[in-house]
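# can't give you the sequence, but here's the structure:
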DNA sequence: GTGATCTAAATTGTATACAATATTGTGATT
DNA sequence: AATCACAATATTGTATACAATTTAGATCAC
């Protein structure tokens, strides 16, 4: 877990760093990601930056506008709904599969995620808490041992993070924690039916807790603010 | 359909060209895709080729091995099953949505796809027929007006094409056509229930028609053949 | 002062050059 | 003859240079 040796470099590393920044809402929808700028920050050439941006673009975390550059994505209301519809197709059934193959170790892992989430909330790191809350969902997909579906869910949760940045109303993700606790309970009992049902309503709760009528966060820079 | 004006260039174009070649089974699982080679074929620099390969890699159509190069992907049996499980989660419900919003125009479009598929079969272009059969599924996702899910399905169908190349037993895709006809009938009646059910069993049929115990096609080169 | 037009700067798109790594071929040694 | 070591070759990884495009600023007309 330590990085004394600067093994940075590689486009992968850069992409993950940017992705984390987006998840923790340090990078805000609409922000311009200049290539030279990133190149300096990470100490690699634009070639690497470009590869990273392409990867992020493919996951819909940023938008690549030809000859204009890269911008943190700003999902529309329609896209927000689409993302949660896709999650509703994938995650409940995945939660069921996970429940059926759940081991003691898996439950501990999930519990750790929740604990870390609580710690972050207590420390006022709401961005990090949100990120960890996403990891909880991804961990479930991993446990279900469905790499393909897990990859889709991972992307959807990344995009959900952007959606939450734009449309979230009440920021204290406390209600979430409750849902996650209930899920763990179902997992403990290896109750697939209940896990599926809980995940289904959890996702509905999430979607309905969004205010899809007005965007929240102001664009990044003053410049952007005045333009859009 | 003609390319008098060489508007090629752009990584997108190259990626689509390679993807088509994979879909039509002109490029076979395991084949090496050398950068210089592709660079010559498409008359662009390796920079462009590299971007295209990265994109294809993200869709799991090729595998990028560090310092080794790009190879047409060879989905394992486990991956094949995963892909069809993911399709089973996404496509039946999508077929239902499509049925409910289906217009006259949409039905004509789907009918065109089937006709083209038949033409290809009659001309012995089994590769192209398979490709068109995939487009039929993608068209349904488009009609359902769910871009996010459609993107996932598109990737899954691409990967299915590789899976079929590796594990398909009876190549005459006639049984498929029947399933597609039945689906169109359900669409005509805007019968969501039936569309969902038909798609579900269609996917099961597809999976069970694979022979997952032995790989079919021989690897590209003699070299590869002796190595794996 | 407002708006349009042109010029200069900055940014992205592409190609090429160089470095690092893997592959292949050759030859020495057993 | 087979195997290992090393050199030569080929291929990929990364950085940089140049071209194309967009953006910003200044100038001019109204």
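Good, I have the coordinates. Fair warning: this is a prediction, and the values are worked out from it, not measured in the lab.

# Within range of DNA strand C, give me the residues from chain A.
Within chain A, the positions lying close to DNA strand C (Cβ under 7 Å from any atom of the strand) are A:32-36, A:46-47, A:50, A:64, A:66-70. From N, CA and C alone the C-beta is placed, and that goes for glycine too.

# how about 6 Å then?
Residues of chain A found near DNA strand C (Cβ under 6 Å from any atom of the strand) are A:34, A:35, A:36, A:66, A:67, A:69.

# tell me the two of the residues you listed that are most distant?
The span of the residues of chain A next to DNA strand C, defined through Cβ to Cβ, is set by A:36 and A:66 at 17.8 Å.

# So if I had to pick from the two, which one is more boxed in?
Taking neighbours as other Cβ atoms under 10 Å in any protein chain shown, residue A:36 and residue A:66 compare with residue A:36 leading, 9 against 6.

# for that one, what are its contacts?
Counting by Cβ atoms under 8 Å, 6 or more residues apart in numbering or on different chains, residue A:36 makes contact with residue A:46.

# Give me every residue in chain A lying close to DNA strand D.
A:9, A:10, A:44, A:45, A:46, A:47, A:48, A:67, A:68.

# Which of these ranks first by neighbour count?
residue A:48 (21 neighbours).

# Am I right that it sits in a helix?
Yes - with DSSP: H, G, I helix; E, B strand; the rest coil as the criterion, residue A:48 is assigned to a helix.

# In contact with it, which residues?
A:9, A:10, A:11, A:14, A:39, A:42.

# Any chance of JSON lines for the residues you listed, columns secondary structure and pLDDT?
Below are the contacts of residue A:48 laid out as JSON lines (DSSP: H, G, I helix; E, B strand; the rest coil; pLDDT from 0 to 100):
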{"residue": "A:9", "secondary structure": "coil", "pLDDT": "54"}
{"residue": "A:10", "secondary structure": "coil", "pLDDT": "90"}
{"residue": "A:11", "secondary structure": "helix", "pLDDT": "95"}
{"residue": "A:14", "secondary structure": "helix", "pLDDT": "97"}
{"residue": "A:39", "secondary structure": "helix", "pLDDT": "96"}
{"residue": "A:42", "secondary structure": "helix", "pLDDT": "95"}
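
# what residues are up against the residue nearest to residue A:33 when sequence neighbours are not counted?
Sequence neighbours aside, residue A:70 is the residue nearest to residue A:33 in space, at 4.2 Å (criterion: Cβ to Cβ, 6 or more residues apart in numbering or on different chains). Residues in contact with residue A:70, defined by Cβ under 8 Å, 6+ apart, are A:32, A:33, A:34, A:35, A:53, A:56, A:57, A:62, A:63, A:64.

# Tell me which of these fall in strands.
A:32, A:33, A:62, A:63, A:64 (DSSP state E).

# Between these, identify the one with the most neighbours.
Going by other Cβ under 10 Å, residue A:62 tops these with 27 neighbours.

# What's opposite that one in the beta bridge?
Counting by DSSP bridges, residue A:62 is bridged to residue A:72.

# Touching, it and residue A:69? I think so.
No - counting by Cβ atoms under 8 Å, residue A:62 does not reach residue A:69; the two are 9.6 Å apart.

# what's the overlap in contacts for those two?
Taking Cβ under 8 Å, 6+ apart as the criterion, residue A:62 and residue A:69 both touch residue A:33.

# which among the residues of chain A next to DNA strand D gets closest to DNA strand C?
Set against DNA strand C, the nearest of these by Cβ to the nearest atom of the strand is residue A:67 (4.8 Å).

# What backbone torsions are found at that closest one?
Dihedral pair for residue A:67: phi 60, psi 0, per degrees, to the nearest 10.

# Would you mind measuring from it to residue A:191?
Distance of residue A:67 to residue A:191, given as Cβ to Cβ, to the nearest Å: 54 Å.

# now residue A:34
Distance from residue A:34 to residue A:191, by Cβ to Cβ: 50 Å.

# So if I had to pick from the two, which one is more boxed in?
Neighbours were counted for residue A:34 and for residue A:191 using other Cβ under 10 Å; residue A:191 has more, 17 against 13.

# Who are the contact partners of the most centrally placed residue in chain A?
Centroid-nearest residue in chain A, with Cα atoms, centre = their mean: residue A:158, separated by 3.0 Å. If a contact means Cβ under 8 Å, 6+ apart, then residue A:158 has A:19, A:22, A:23, A:59, A:60, A:61, A:134 as its contacts.

# List the buried residues of the helix or strand hosting residue A:92.
Counting by DSSP states H and E, the element that carries residue A:92 is helix A:77-101. Of all the residues in helix A:77-101, those buried under the rule 16 or more other Cβ atoms under 10 Å in any protein chain shown are A:79-99.

# on that earlier part again, roughly how far does the residue nearest to the centre of chain A sit from residue B:120?
Distance from residue A:158 to residue B:120, by Cβ to Cβ: 39 Å.

# what's the closest of the ones in strands among the contacts of residue A:70 to chain B?
Nearest to chain B, judged by Cβ to the nearest Cβ, of these is residue A:64 at 10.9 Å.

# pLDDT score assigned to the closest one?
At residue A:64, the model reports a pLDDT of 97.

# Could you say which helix or strand holds residue A:29?
Going by DSSP H and E, residue A:29 is not in any helix or strand.

# nearest spatial neighbour of it, skipping sequence neighbours?
Here the residue nearest residue A:29, using Cβ to Cβ, 6+ apart, is residue A:74, at 4.3 Å.

# ok, now residue A:182?
In space, residue A:182 is closest to residue A:198, 5.4 Å off (Cβ to Cβ, 6+ apart).

# same question, residue A:187
residue A:102 (4.8 Å).

# pretty sure that neighbour contacts residue A:190?
Yes - contact criterion Cβ under 8 Å: residue A:102 and residue A:190 qualify, at 5.8 Å.

# For these two, indicate the residue with more neighbours.
residue A:102 (23 against 15).

# Could I get the pLDDT score of the more buried one?
96.

# Now do the contacts for the closest residue to residue A:73 other than its chain neighbours.
Using Cβ to Cβ, 6+ apart and skipping residues adjacent in sequence, the residue nearest residue A:73 is residue A:63, 5.1 Å away. Counting by Cβ under 8 Å, 6+ apart, residue A:63 makes contact with A:57, A:70, A:71, A:72, A:73, A:74.
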